[in-house]
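>>> Below is the structure, and that's it, no one-letter string:
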């Protein structure tokens, strides 16, 4: 008798505090076009990065509860802040659905790249959490890791400024000490940064390998679904749902830059 | 019988979504050292600027209710977003305490300056609300007003970057079209911007009068208290209280740049 593989057409749940997680959605849709996706942006409380750990855990639990209410098959925290400080709390809730954080997948991709000297750039909150360095060193403590907070990059991306002299000057402010001897790999440790990938590659004249955390996260999801026979059928007609907690119209307008297309429909929900 | 003037030693309540309103506190403390101040920064929900009008009104009502619970004699919305979109709603609540918004006082100072051609700079939310232009035109519709959103200035100030080539390049991005023929007056329509006042003056080589909205607000409060015989006694020993809804320690660390000194004590409260 032939072994028949299982499949699971339920949607994947992806959440973030705002728009950034859409880079993960975009990467996942490119990689797994048959998977349906439920996205939640907690735009009423964005950003999470400057809130307390207690507040972030509370918000994340509410985000997860919403994802579960929509019948998702797995949950992806496409929010660096949640991934950095709330994953242990979420795991202690013993959810039935597997849970993946964008930091874990970024760490995995970085270690797999085999670089011995790595720079990680992120928001101040992500860098202060030290989560990327801890994750990389848990895998291999001989890798040299420098974590660099780049707080002006998110405002630039949100303004649609992703190249040109201003981006170059801001990158230079944060990365000039690395220019003469670039690290072997540089991890974009923020879901906004994939939009700056080309600018960062150019800044180092292609002399460092730039790892895109959104693509890394999409790869990790694809691998997980494959390993656990949870992927959708090849001919599944994917249906996506976008939810926010405030300002659905503004979200729809800005989403295109991150997603590569205007979302069909954005619904507002109430959390908290 | 000599007329004896009344006095009122109760504190003035000042609220904002975060740190910015502290520039108003600083200006008020310089101007009226005998007045006690209760400050509230709603740091659990900062920033207000990218939230919906409904959410902002709800937050503002909760902020005001807290101010009132502390027995303040007047309430100052040192938040441009609240002043732009929530003042009518707050006024419809018929509060016993007089209510002043930072936009009204900025408009008053700008009109009083007698300039015929004015530029107003602010966040995207403030500029989109059109509140400054409407206020100025309500007083004198012949004044030429150009409103310019400068969304990168708040992130710069919050990073402590208030001069140097990066500030100059960002200002140039927003204001270069005004450089050859500067407006007679430029209003800093955001409570973060007083920290950039010198940079803006320098950018225009002193050829435009820069109006500081924090000082304008402090003047309006002083005038109101004087007119209504509500000022504190000259020898009153002022006591200040700082309250936030999240992250009191971080607030205390960052406050010094806005306030000119480290606040003695910052207490956390729960709203909402």
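Looks like it came in fine. Quick caveat, the model's predicted, so the values are computed rather than measured.

>>> Residue A:12: how many residues sit nearby?
29 (other C-beta atoms under 10 Å in any protein chain shown). (Glycine included, C-beta is placed from N, CA and C.)

>>> Against residue A:38, how distant is it?
According to C-beta to C-beta, to the nearest Å, residue A:12 stands 7 Å off from residue A:38.

>>> Setting the sequence-adjacent residues aside, check what's closest to the closest residue to chain B within the stretch 101-250 of chain A.
Nearest to chain B, among the residues of the stretch 101-250 of chain A, is residue A:155, at 4.1 Å (C-beta to the nearest C-beta). Nearest non-adjacent residue to residue A:155, counting by C-beta to C-beta, 6 or more residues apart in numbering or on different chains: residue B:155, 4.1 Å away.

>>> on contacts alone, who are the packing partners of the helix or strand containing the one you found?
Following DSSP states H and E, the helix or strand that holds residue B:155 is helix B:153-158. The helices and strands touching helix B:153-158, judged by 3 or more C-beta pairs under 8 Å, 6 or more residues apart in numbering or on different chains; DSSP states H and E, are helix B:165-175.

>>> Mind jotting down where the strands sit in the stretch 151-272 of chain A?
Taking DSSP state E, counting those that start in this stretch as the criterion, the stretch 151-272 of chain A carries its strands at A:185-188, A:209-212, A:241-244, A:266-268.

>>> What residues does residue A:195 make contact with?
By C-beta atoms under 8 Å, 6 or more residues apart in numbering or on different chains, the residues touching residue A:195 are A:23, A:157, A:162, A:257-258.

>>> of those, buried ones?
A:23, A:157, A:162, A:258 (16 or more other C-beta atoms under 10 Å in any protein chain shown).

>>> if we can go back for a sec, avg pLDDT for the helix holding residue B:155?
Mean pLDDT, taken over the full extent of helix B:153-158, equals 93.

>>> which residues touch that helix?
Helix B:153-158 has contacts (C-beta under 8 Å, 6+ apart) with A:151-152, A:155, B:19-20, B:47, B:121, B:123, B:162, B:166-167, B:170, B:190, B:192-193, B:195-196, B:254.

>>> which ones among those residues are found in helices?
Members of the contacts of helix B:153-158 lying in helices (criterion: DSSP state H): A:155, B:166-167, B:170, B:254.

>>> wait, isn't residue A:251 in contact with residue A:43?
Yes: assessed by C-beta atoms under 8 Å, residue A:251 is found in contact with residue A:43 at 6.0 Å.

>>> Show me which of those two is the more surrounded one.
Taking other C-beta under 10 Å, residue A:251 and residue A:43 do not tie; residue A:43 has more neighbours (25 against 22).

>>> Show me which pair in the buried ones among the contacts of residue A:195 is furthest apart.
Longest distance between any two of these is 12.0 Å, between A:23 and A:162; criterion C-beta to C-beta.

>>> Give the residues shared as contacts by residue A:251 and residue A:43.
Residues touching both residue A:251 and residue A:43 by C-beta under 8 Å, 6+ apart: residue A:244.

>>> Any residues of chain A in contact with chain B? List them.
Chain A comes close to chain B at residues A:43-46, A:50-52, A:55, A:151-152, A:155-156, A:158-159, A:165-166, A:169-170, A:173, A:246-247, A:250, A:272, as judged by C-beta under 8 Å from any C-beta of the partner chain.

>>> please redo it, this time with the cut-off set to 6 Å
By the rule C-beta under 6 Å from any C-beta of the partner chain, the part of chain A lying against chain B is A:44, A:51-52, A:55, A:151-152, A:155, A:159, A:166, A:169, A:246-247.

>>> Columns neighbour count and distance to residue B:32 on top of those residues, output as a markdown table?
Compiled in a markdown table, these are given as follows (neighbours: other C-beta atoms under 10 Å in any protein chain shown; distance: C-beta to C-beta, whole Å):
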| residue | neighbour count | distance to residue B:32 |
| --- | --- | --- |
| A:44 | 23 | 36 |
| A:51 | 25 | 33 |
| A:52 | 18 | 33 |
| A:55 | 18 | 35 |
| A:151 | 20 | 35 |
| A:152 | 23 | 36 |
| A:155 | 19 | 35 |
| A:159 | 15 | 38 |
| A:166 | 18 | 40 |
| A:169 | 14 | 41 |
| A:246 | 23 | 37 |
| A:247 | 22 | 38 |
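
>>> Pairing partners for the nearest residue to residue A:113 once chain neighbours are set aside in the sheet, please.
In space, and not counting its chain neighbours, residue A:113 is closest to residue A:185: 5.1 Å by C-beta to C-beta, 6+ apart. Beta bridges link residue A:185 to residue A:118, residue A:209, judged by DSSP bridges.

>>> thinking residue A:185 is in contact with residue A:111, fair?
No: in this structure residue A:185 lies outside contact range of residue A:111 using C-beta atoms under 6 Å: 9.8 Å.

>>> Tell me which of the two has more neighbours.
residue A:185 (21 against 18).

>>> which residues touch the more buried one?
Residue A:185 makes contacts with A:113, A:115, A:118, A:209, A:211, as judged by C-beta atoms under 6 Å, 6 or more residues apart in numbering or on different chains.

>>> tally of neighbours for the last one?
When counting by other C-beta under 10 Å, one arrives at 21 neighbours for residue A:211.
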